[in-house]
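# everything below, folded, please.
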Amino acid sequence: MLVDGILDIGERLRGKALKALYLHMVAHQYRADAPVRRVLSDREMESDIAVGDA
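The predicted structure is shown next:
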């Protein structure tokens, strides 16, 4: 039980860290004066992250 809870917390933190890293990398792809592109949905980000992990 305790181990499952710890693993669950670890998975959530890993997901948040990957999302933050992904957003950081996307932000650096565009210059400050570049036109703003549409915002990716959470599902699109998750699929992109999953492809990157494979």
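# hey, where'd the helices end up in the protein?
Under the criterion DSSP state H, helices of the chain are mapped to 2-29, 42-53.
# where among these is average confidence lowest?
Lowest mean pLDDT of the helices of the chain: helix 42-53, a mean of 63.
# quick revisit: redo the helices of the chain as JSON lines? Include mean neighbour count.
C-beta here means a position set from N, CA and C on the backbone, and glycine is covered the same way. As requested, these are exported to JSON lines (neighbours: other C-beta atoms under 10 Å):
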{"stretch": "helix 2-29", "mean neighbour count": "10"}
{"stretch": "helix 42-53", "mean neighbour count": "11"}
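# measure residue 25 to residue 11 for me?
Distance, residue 25 to residue 11, by C-beta to C-beta, to the nearest Å: 21 Å.
# next: residue 2.
As judged by C-beta to C-beta, residue 2 and residue 11 stand 15 Å apart.
# and if you look at residue 21?
Separation of residue 21 from residue 11 (C-beta to C-beta): 16 Å.
# what does residue 27 give?
The gap separating residue 27 from residue 11 is 25 Å, by C-beta to C-beta.
# check residue 22 too.
Taken as C-beta to C-beta, the span from residue 22 to residue 11 is 16 Å.
# repeat that for residue 19.
Separation of residue 19 from residue 11 (C-beta to C-beta): 13 Å.
# kindly report the same for residue 43.
Residue 43 is 18 Å from residue 11, by C-beta to C-beta.
# just residue 4 next, same as before
In terms of C-beta to C-beta, residue 4 sits 11 Å off from residue 11.
# do residue 20 as well
From residue 20 across to residue 11, the span is 15 Å (C-beta to C-beta).
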